[in-house]
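Peer 1: okay, predicted coordinates and the sequence, questions at the end:
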Amino acid sequence: MTVSRRTFLGVGAAAGAGLVIGVYFHEKSQSGPDSFAPNAYLRITNDGAITVLVARSEMGQGVRTSLPMILAEELDADWKQIHIEQAPTDSVYGDQMTGGSASIRVMWDPMRKAGAAAREMLVSAAAAEWGVQRSECRSESGNVIHNSGRKLAYGKLVARAAKLPVPTDPPLKDGTKYRCVGQPIARLDIPGKVDGTAQFGIDFRLPGMKYALLARCPVIGGKVASFDDKETRKATGVAYVGKVSDAAVAVVADNVWSAMEGRRVLNVQWDEGPNRDLNTAATVAQLKSSASKHAATLYSAGDVSKVSGHRIESEYQLPWMAHAAMEPGNTTAHFHGDSCEIWSPTQNPQEVQKAVAQALGISDQKVKVNVLLMGGGFGRRLEHDYAVEAALVSKAANAPVQVLWTREDDMRNSTYRPASYHKLSAVLDGHGLPIAFHHRFVSPSINMQKGFPGPTPDVDGDLPDEGSLIYSLPNAQVEYVMTESPVPLGYMRSVYALQVGFASEAFIDELAAMAKKDPLEYRLQLLAKDEEIKFFDTTWKTARMRGVLQLAADKAGWGKPPAGRYQGIACFGCFGTYAAEVVEISMENDQPRVHRVVAALDCGRVVNPNILEQQIQGAVHFALANALRAQITIEKGCIVQGNFDDYQPMRINEVPAVEAYFVQSSESPTGAGEPPVPPLAPALSNAIYAATKKRIRQLPILS
């Protein structure tokens with residue numbers, strides 16, 4: 001069964017609450033005479049080597065270190081003995097999708113229990129070996145130690161431990177006694193990335209492997225009408241030319257350059273379909289006209305319709321956006337007649353397995369998916385189009401094939417973060433504080449386009465994680481109007497939270513200005529009472545939001561920027577995490593120059609502070625590039641942007657200093673990779689207002 005991101009997170013939350021043993025653990029120890037493997041995540045050999053299998057995809061966020069740290073903590077392992085291995089695609093791990101900032105928050109309990117179960121078995125094995133009471137033994141740094149001082153290394157206990165039953169509910173350590181979790185341990189995947197031995201999808205090679213590029217219709221939704229491959233077959237090295245489903249024509253060659261040349265001279269006639277006249281203006285007009293249609297209520301308090309007084313109204317607009325990961329799309333496939341093996345930089349290996357099996361007409365069990373490192377994901381690699389293409393081309397060409405997308409392929413034939421339109425209004429009391437707040441959010445639904453149902457038929461399934469209101473107000477309503485679009489939609493880092501956060505927090509600044517109050521103090525007033533805000537199945541706490549807001553402000557020296565510089569502030573909550581940021585700018589030739597960003601997060605217990613700092617910094621840079629310049633436009637049904645000349649990332653000389661801080665917490669971990677994204681754009685636009693008294697209500701800023 002295909003699941004949405006939201007459904008995946010719900011299943012993970014249930015597993016974390018104590019339902020993990022049957023799903024994540026083998027019923028019996030899968031061990032041999034020389035190794036001990038009490039569950040799917042762990043293997044200890046008699047030489048003392050400890051291998052942790054990581055069932056999530058690594059795309060720069062550090063899960064190949066942070067997840068093993070959680071298991072190693074409960075195992076009481078010596079970190080120097082830890083090795084990592086990418087887990088196979090297997091239902092024993094539950095859903096292996098990597099997205100929604102969920103790896104740590106979903107895997108926190110399963111990894112702890114996996115380590116704790118093994119620890120208990122090893123300690124019991126040592127007690128039996130010595131003929132002493134279990135209570136007289138303890139575990140420490142990869143050893144079991146008796147009260148007398150006797151010691152046995154874990155490797156010496158594997159044979160005996162493997163014969164013991166696996167505990168279903170092992171005791172977990174007190175967080176105050178953690179030795180590994182919470183430490184700034186160096187990432188295990190970095191050495192290979194530095195010396196070039198790390199294998200990204202685009203690096204993968206097989207003996208006799210061919211390379212394929214596909215010609216796709218430039219018009220959204222277009223199909224192949226016919227093609228003439230006479231000139232293509234003359235190109236040196238071209239081995240195969242053929243149609244792949246109705247959507248594309250594949251050119252297979254001995255090397256990439258031959259495949260590129262063969263595609264260049266391929267003559268394809270396209271059936272452009274119904275979207276040949278689609279343009280950006282039409283998609284924006286549809287959003288605005290839909291604002292008056294039926295809206296689903298996401299959050300409601302009091303009755304905004306019955307409040308009268310001084311009313312302020314504003315409209316905000318955000319563009320279509322591309323993921324623009326540094327590594328363009330690719331997958332290698334080898335079809336063997338009745339089975340297929342895939343090597344893919346994917347965020348969703350089980351969906352790859354299912355989609356490839358369906359495309360080839362074979363069972364899921366006949367498709368083996370190997371997960372490789374990816375040079376950026378941001379949600380684009382939740383899709384399985386690369387892999388399906390590779391499998392079909394491998395079958396047609398009767399050879400192992402690596403399908404490559406060029407940068408232009410990746411930009412113009414992708415899935416896109418949907419554009420959105422926002423209408424906001426507020427009624428202020430005599431002190432300038434909102435006694436009514438109304439936010440109507442209009443956007444196509446990613447999940448509905450993909451066939452994933454939401455909590456109700458008119459609510460996108462991701463909005464419960466990404467559309468919250470973080471202030472407790474007497475009368476408030478947040479609404480969503482779902483529209484349709486022919487543009488292929490995809491999840492992009494922070495998804496709807498980026499859009500909702502920008503409109504909401506920029507509008508809060510408008511209210512502060514109308515009230516003639518400092519933007520920080522205005523927000524602190526709105527968060528002054530310790531309250532809880534129920535938003536679907538998340539309960540937001542104003543005290544925690546107030547804490548990160550104050551932390552960011554204090555570290556940034558709020559209100560005291562250097563001469564010629566201006567500050568903006570914003571906060572937002574998504575994926576269970578509280579985030580706040582202060583952006584410091586100057587204006588140069590009427591354009592903002594970002595000098596410094598101070599970000600603060602409350603994401604519960606921090607597994608690795610170094611990795612968290614990297615996550616925050618990466619999210620800020622990602623969000624800044626998007627806020628300043630990123631937009632996808634459409635003309636005559638075609639995506640206009642094609643490369644980094646017209647979809648520009650941040651340049652080195654534009655990158656600001658990013659300071660990352662976090663609240664020390666004993667709460668369970670929540671998301672970290674996406675929550676720092678939403679506050680950036682509103683904080684930046686608010687800083688521009690401080691400098692120019694001009695409001696930014698439409699992104700990108702430098703359009």
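Peer 2: Happy to help now that I have it.
Peer 1: what is the least confident helix or strand in the protein?
Peer 2: The weakest-scoring helix or strand in the chain, judged by mean pLDDT, DSSP states H and E, is helix 21-24 (a mean of 34).
Peer 1: any idea how far the next helix or strand along the chain from it is from the chain center?
Peer 2: Remark: after helix 21-24, the chain's next helix or strand is strand 35-39, criterion DSSP states H and E. Its chain's average C-alpha position is 31 Å from that of strand 35-39, according to Cα atoms, centre = their mean, to the nearest Å.
Peer 1: what about the spatially most distant residue from the centre of the chain, distance to residue 440?
Peer 2: Distance from the C-alpha centroid of the chain, by Cα atoms, centre = their mean, peaks at residue 131 (49.9 Å). From residue 131 over to residue 440 the distance is 72 Å, taken as Cβ to Cβ, to the nearest Å. To be clear about C-beta, it is placed using only N, CA and C from the backbone, and glycine gets the same treatment.
Peer 1: biggest helix in the chain by residues?
Peer 2: helix 103-130 (DSSP state H).
Peer 1: from residue 187, how far off is residue 68?
Peer 2: The value you get for residue 68 to residue 187, if Cβ to Cβ is used, is 11 Å.
Peer 1: next: residue 670.
Peer 2: Residue 670 is 21 Å from residue 187, by Cβ to Cβ.
Peer 1: from the contact counts, what lies against the longest helix of the chain?
Peer 2: Applying 3 or more Cβ pairs under 8 Å, 6 or more residues apart in numbering; DSSP states H and E, one finds that helix 103-130 contacts helix 5-14, helix 21-24, strand 35-39, strand 42-45, helix 63-75, strand 137-140, strand 143-146, helix 158-161.
Peer 1: so where's the stretch 101-250 of the chain shaky on pLDDT?
Peer 2: Low-confidence segments of the stretch 101-250 of the chain (pLDDT under 70): none present.
Peer 1: restrict stretch 251-268 to CA atoms and write it as CSV.
Peer 2: Written as CSV, here are the backbone C-alpha positions of stretch 251-268 (Å, rounded to 0.1, in the frame of the first residue of the first chain):
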residue,chain,number,x,y,z
VAL,A,251,18.9,6.8,-26.1
VAL,A,252,21.3,4.2,-24.7
ALA,A,253,25.1,4.4,-25.4
ASP,A,254,28.5,3.2,-24.2
ASN,A,255,29.2,6.6,-22.5
VAL,A,256,27.3,9.7,-21.4
TRP,A,257,28.6,11.9,-24.2
SER,A,258,27.5,9.6,-26.9
ALA,A,259,24.0,9.3,-25.3
MET,A,260,23.9,13.1,-25.1
GLU,A,261,24.8,13.5,-28.8
GLY,A,262,22.4,10.8,-29.8
ARG,A,263,19.6,12.5,-28.0
ARG,A,264,20.5,15.9,-29.5
VAL,A,265,20.0,14.6,-33.1
LEU,A,266,16.9,12.6,-32.3
ASN,A,267,13.8,13.8,-34.1
VAL,A,268,10.7,13.5,-32.0
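Peer 1: give the buried residues for that stretch.
Peer 2: 251, 252, 253, 258, 259, 260, 261, 262, 263, 265, 266, 268 (16 or more other Cβ atoms under 10 Å).
Peer 1: would you map the helices across the stretch 601-703 of the chain?
Peer 2: Applying DSSP state H, counting those that start in this stretch to the stretch 601-703 of the chain gives helices spanning 609-628, 680-692.
Peer 1: which residues does residue 363 contact?
Peer 2: residue 357 (Cβ atoms under 8 Å, 6 or more residues apart in numbering).
Peer 1: let me see the confidence value for it.
Peer 2: Reported pLDDT at residue 363 in the predicted model: 98.
Peer 1: what's the answer for residue 648, then?
Peer 2: 94.
Peer 1: ok, which of the helices of the stretch 601-703 of the chain comes nearest residue 584?
Peer 2: helix 680-692 (6.9 Å; Cβ to Cβ).
Peer 1: hmm, who's touching that closest one?
Peer 2: 498, 501-502, 504-506, 509, 513, 519, 566-570, 572, 581-587, 592, 594, 597, 619-620, 623-624, 626-628, 694-697, 699, 701.
Peer 1: again, only this time at 6 Å
Peer 2: With contacts defined as Cβ atoms under 6 Å, 6 or more residues apart in numbering, helix 680-692 is touched by 502, 505-506, 509, 566-570, 581, 583, 585, 587, 592, 620, 623-624, 627, 695-696.
Peer 1: which stretches of the protein have low pLDDT?
Peer 2: In the chain (pLDDT under 70), the answer is 1-33.
Peer 1: what about the residue nearest the centre of the chain, which helix or strand?
Peer 2: The chain has residue 99 as the residue nearest its centroid, 4.1 Å off, counting by Cα atoms, centre = their mean. Taking DSSP H and E as the definition, residue 99 sits outside all helices and strands.
Peer 1: re earlier: so between residue 68 and residue 187, which is more surrounded?
Peer 2: residue 68 (29 against 18; other Cβ atoms under 10 Å).
Peer 1: what segments of the stretch 201-350 of the chain are helices?
Peer 2: Using DSSP H, counting those that start in this stretch, helices in the stretch 201-350 of the chain cover 256-264, 280-290, 349-360.
Peer 1: out of those, deepest packed?
Peer 2: Greatest average neighbour count among those goes to helix 349-360 (a mean of 22), per mean count of other Cβ atoms under 10 Å.
Peer 1: and the helices and strands packed on helix 103-130: which comes nearest residue 193?
Peer 2: Of these, nearest to residue 193 by Cβ to Cβ is helix 63-75, at 10.8 Å.
Peer 1: so what secondary structure elements neighbour the very next helix or strand once past the closest one?
Peer 2: Heading C-terminal from helix 63-75, the first helix or strand you meet, by DSSP H and E, is strand 82-86. Applying 3 or more Cβ pairs under 6 Å, 6 or more residues apart in numbering; DSSP states H and E, one finds that strand 82-86 contacts strand 50-54, helix 63-75.
Peer 1: right, so the ones you listed: which one is the most enclosed?
Peer 2: When the helices and strands packed on strand 82-86 are compared using mean count of other Cβ under 10 Å, helix 63-75 is most buried, at a mean of 26.
Peer 1: need the CA coordinates for that one. CSV is fine.
Peer 2: Taking Å, rounded to 0.1, in the frame of the first residue of the first chain, the C-alpha atoms of helix 63-75 are listed here in CSV:
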residue,chain,number,x,y,z
VAL,A,63,21.4,9.8,9.9
ARG,A,64,24.3,7.4,9.3
THR,A,65,25.8,8.8,12.5
SER,A,66,22.9,10.0,14.6
LEU,A,67,20.8,6.8,14.4
PRO,A,68,23.7,4.5,15.3
MET,A,69,24.4,6.8,18.3
ILE,A,70,21.0,6.1,19.7
LEU,A,71,21.5,2.4,19.5
ALA,A,72,25.1,2.6,20.7
GLU,A,73,23.9,4.5,23.8
GLU,A,74,21.5,1.9,25.0
LEU,A,75,23.9,-0.9,24.0
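Peer 1: report the angle between it and strand 50-54.
Peer 2: 130 degrees (axes from the mean of the first three to the mean of the last three Cα atoms, to 10 degrees).
Peer 1: which residues sit against helix 63-75?
Peer 2: Residues contacting helix 63-75 (Cβ under 6 Å, 6+ apart): 52, 54, 56, 58, 79, 82, 84, 103, 107, 111-112, 114-116, 118-119, 173, 178, 180-181, 187-189, 607-608, 611.
Peer 1: now do stretch 153-170
Peer 2: 21, 29, 31, 35-36, 38, 44, 46-48, 116-117, 120-122, 124-126, 142-143.
Peer 1: can you give me the buried ones in the longest helix of the chain?
Peer 2: So, applying 16+ other Cβ under 10 Å, buried residues of helix 103-130: 103-127, 129.
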